[in-house]
Each structure stands twice: as structure tokens, then as C-alpha cells.
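S.K.: Below are the sequence and a predicted model; questions follow.
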Amino acid sequence: MEACRRIFASDTRWTVVRGSDLQEGESKGLPVWSHHVGDAILKSNLTRRVDFALFMVDALEDDGLIQEAPAIVGCQSPSAIEARAEGAA
């Protein structure tokens, strides 16, 4: 917690990625994210390790994530699929 407090207070360009439980396996694509840890899209709490790495690399080039603390979940996790279905309705 102290490390995050210091990062949030710094003047540098930062992104703190709040991960989910990691699982092995083939990539399922770039994870989805939310500003809020309690968001329903994150309920599944699973991300493939390789996809977590993809998100980290993508975050290096995404200026929209500067000074953000996104919470991520796999894009093919049940909660992400359900959230997309609800958004389309």
C-alpha cells in the first residue's frame, strides 16, 4: 500500500495494473479493464499469464492509461462476456 501511495503521489508517468488470478494457457486476447475493483466485469477474476503480459506491453504505449490504476480480467472470462452481452442489449 505504501508503494502505491508513493507512486500515486509522484510526478512521473505511471500506471499501476491491478491484476486478477493468473492461469496458464494460450492467449485469449488483450484483457478488459475497469477503474473500479468491484465492477461486475471483473467478477471472474481470471487472466491468462500471457494476456497479463500483453496488457503490460500495451499499457506502455497507451497514453490513456497514464496515471490510471486499471483492474483487469481476461477478455474471454465469463464476467467479461456477460458484461459485453449486457452492453449490446
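M.R.: Looks like it arrived, so ask away. Predicted, not measured: the structure shown is a model, and the values here were computed from it. Numbers count the residues shown, from 1 in each chain.

S.K.: Now tell me which helix or strand of the chain has the poorest mean pLDDT.
M.R.: One helix or strand of the chain scores below all others by mean pLDDT, DSSP states H and E: helix 78-88, with a mean of 88.

S.K.: Contacts for that helix, please.
M.R.: 32, 40-44, 73-74 (Cβ atoms under 8 Å, 6 or more residues apart in numbering). Yep, even glycine has a C-beta here, placed from its N, CA and C like the rest.

S.K.: In strands only, show me those.
M.R.: 32, 73 (DSSP state E).

S.K.: Check the contacts of helix 78-88 for burial and list the buried ones.
M.R.: 32, 41-44, 73-74 (16 or more other Cβ atoms under 10 Å).

S.K.: Same list, those residues, but as a markdown table with pLDDT and distance to I7 please.
M.R.: Output for those, formatted as a markdown table (pLDDT from 0 to 100; distance: Cβ to Cβ, whole Å):
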| residue | pLDDT | distance to I7 |
| --- | --- | --- |
| V32 | 96 | 23 |
| I41 | 96 | 24 |
| L42 | 96 | 21 |
| K43 | 96 | 26 |
| S44 | 96 | 27 |
| V73 | 97 | 22 |
| G74 | 97 | 25 |
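
S.K.: Tell me the one of these nearest A3?
M.R.: Nearest to A3, judged by Cβ to Cβ, of the buried ones among the contacts of helix 78-88 is L42 at 21.7 Å.

S.K.: isn't the closest one right next to V73, touching?
M.R.: Yes: between L42 and V73 there is a contact at 4.7 Å, judged by Cβ atoms under 8 Å.

S.K.: so what sits against both of the two?
M.R.: Applying Cβ under 8 Å, 6+ apart, one finds that L42 and V73 are jointly contacted by 20, 79.

S.K.: Packing partners of the one helix or strand L22 maps to?
M.R.: Using DSSP states H and E, L22 maps to strand 21-23. On a contact count with 3 or more Cβ pairs under 8 Å, 6 or more residues apart in numbering; DSSP states H and E, strand 21-23 meets strand 46-48, helix 49-61.
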